[in-house]
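Colleague: generate coordinates for the sequence data below:
(2 chains)
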Amino acid sequence: MINEEKVILMTRMASYEYGKGKKDITILNYFKGDYIGFQVLKSVIAATISFFLLLGVYFFYNFEVFMQDIYNMDLLAFGKSVIILYLCMVGAYGVITYVAFATKYSRAKKSLKTYYANLKKLASMYEH
Amino acid sequence: MTSLLVAKQYIKMFISKYEVYVKPLLKLILALAALMIINAKVGYMQKIDSLPIVLMVALMCSFMPMNFIVFISAVFLVLHMYALSLEAAVITLVLLAVLYLLYLRFSPKDTLAVLLTPLSFAVGVPYAMPLAMGLLGTPVSAISVCCGVVVTFLVCYMSDNATVLAGMETEDMSTKFRFIIDGFLDNKGMILTIVAFSAAIIVVYMIRRMSIDYAWTMAIAAGAITDIMILLIGDFIFDTNISILGLIVGSIFAVLIAKVVEFFGFNVDYSRTEKVQFEDDEYYYYVKAVPKVTVAAPARTVKKINSSRRRPTR
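Modeller: As a prediction, the model looks like this:
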């Protein structure tokens, strides 16, 4: 005999599992620190690539100026300011990533909690 | 109004019933529109500026995820720019790469806004974009729309100066680079549009979330007025040569489009038919879960309910 209540519950859970739940489960496979750390690392790499792309454009843009002044430029000061700019950009971007993905993690945890509660409910149905 | 609501129910029912076919069809139309507009605007590479290729790629897009359309459009854009000049292609590529790396990683859902904004400019209803995104999105959507605005102005600048770029000496790379970047960054109209659109999105979002009557309608009106005011004041200060008539007519169209978005988006339930499979110890289940759609009531019945409700209060 098919238990209607059970089917409804299982359908709800299955649709979560295949839809939003899929992402939540992959997120929650990590510990919170690991997940956020990994995302921040990805962000740092992305920010580094974009910084060098922009720096390349800047160099090309001022190509003639650099060619003329390369010998009487204060290269050390220039390098310093580039590094400071880089650190600022990566730092700011890392902080934004941290906040965004910490929120995402706690949201996923919350909705997965409901799923586990349903799972418990389902298990108790089998006992009766 | 009642017949409109009935029509809405029918459309909703139709979409939920034939979702499997409607979704690829919509993707196909969007991909076709995007690619054809790109080809019409900057079709410098003859090889990909042909209908069979566009059709083939658009067909491919209809079976791929939504963001694939954005990717393909970007590829087309860069290829066309490459045919124009190497420098233009490099700058476009760097801009798109930085957008992708820095922003779109956070909100992959908003990627579509980056494509739709240039399209809305091309179709001639740019002011609809901030209103629609304010209604459907969050304040963060402002960033996606701004990215779209930046891409639009870059493409417009390139296509406006195509003859100059093509005529320049090839050895003079640095000059070309300077020419493109100077002209692109010195565009006050772009910065003004970014400010106006961001402000409109935030205003629309804030007002539509208020618990007042007609919040969505008021949000649309306020957003359109914010947009017009900022653009007009900016035009006054920076002399950006915005056509005032175009702005006002465009805004009226934008409000109409936003009303359509409101009609379909307001109180929308994202429930749709779902097919799931699972098993337990005794059975395999193949379940098709259909959401309960309130069946459209004939107009006469609605009138009857209204009159019977009012009678006791008199």
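Colleague: only C-alpha atoms for contact and neighbour calcs from this point on.
Modeller: Fine.
Colleague: what ranges does chain B have for its strands?
Modeller: Using DSSP state E, the strands of chain B run over B:274-279, B:284-289.
Colleague: adding distance to chain A and mean neighbour count, write these out as TSV.
Modeller: Compiled in TSV, the strands of chain B are given as follows (distance: least, Cα to the nearest Cα, whole Å; neighbours: other Cα atoms under 10 Å in any protein chain shown):
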stretch	distance to chain A	mean neighbour count
strand B:274-279	6	15
strand B:284-289	7	13
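Colleague: out of those, which gets the lowest mean score?
Modeller: Per-stretch mean pLDDT for the strands of chain B is lowest at strand B:274-279 (a mean of 79).
Colleague: with distance to residue B:80 added, can I get the strands of chain B in a markdown table?
Modeller: A markdown table is the format used below for the strands of chain B (distance: least, Cα to Cα, whole Å):
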| stretch | distance to residue B:80 |
| --- | --- |
| strand B:274-279 | 41 |
| strand B:284-289 | 46 |
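Colleague: and the pLDDT for residue 32?
Modeller: This is for chain A. For residue A:32, the predicted pLDDT is 87.
Colleague: let me rephrase: I mean chain B.
Modeller: pLDDT at residue B:32 comes out at 92.
Colleague: what's the neighbour count on it?
Modeller: Using other Cα atoms under 10 Å in any protein chain shown, residue B:32 has 22 neighbouring residues.
Colleague: that one against residue B:58, yeah?
Modeller: Yes. Residue B:32 is within contact range of residue B:58, at 5.5 Å (criterion: Cα atoms under 8 Å).
Colleague: interface residues of chain A facing chain B?
Modeller: By Cα under 8 Å from any Cα of the partner chain, the part of chain A that sits against chain B consists of A:10-11, A:14-15, A:43, A:46-47, A:50, A:53-54, A:57, A:60-64, A:100.
Colleague: one more pass at 6 Å, please.
Modeller: Residues of chain A found near chain B (Cα under 6 Å from any Cα of the partner chain) are A:46, A:50, A:61.
Colleague: what about those residues, which are in helices?
Modeller: The helices, defined by DSSP state H, take in A:46, A:50, A:61 from the residues of chain A next to chain B.
Colleague: burial check on the second one, number of neighbours?
Modeller: Residue A:50 sits with 20 neighbouring residues when counted by other Cα under 10 Å.
Colleague: hey, what's residue B:275 bridged with?
Modeller: Per DSSP bridges, the residues bridged to residue B:275 are residue B:288.
Colleague: ok, it to residue B:19 distance?
Modeller: From residue B:275 over to residue B:19 the distance is 12 Å, taken as Cα to Cα, to the nearest Å.
Colleague: swap in residue B:109?
Modeller: The gap separating residue B:109 from residue B:19 is 19 Å, by Cα to Cα.
Colleague: likewise for residue B:110?
Modeller: In terms of Cα to Cα, residue B:110 sits 22 Å off from residue B:19.
Colleague: quick one: least confident of the residues of chain A next to chain B?
Modeller: Minimum confidence in these sits at residue A:61, scoring 82.
Colleague: tally up the residues packed near that one, please.
Modeller: 21.
Colleague: pretty sure it contacts residue B:176?
Modeller: No. Using Cα atoms under 6 Å, residue A:61 makes no contact with residue B:176, being 9.1 Å away.
Colleague: re earlier: and which of the residues of chain A next to chain B is nearest residue A:72?
Modeller: residue A:61 (19.2 Å; Cα to Cα).
Colleague: the closest one: what's it in contact with?
Modeller: Residues near residue A:61 by Cα atoms under 6 Å, 6 or more residues apart in numbering or on different chains: B:177-178.
Colleague: let's see it at 8 Å
Modeller: B:174, B:177-178, B:181 (Cα atoms under 8 Å, 6 or more residues apart in numbering or on different chains).
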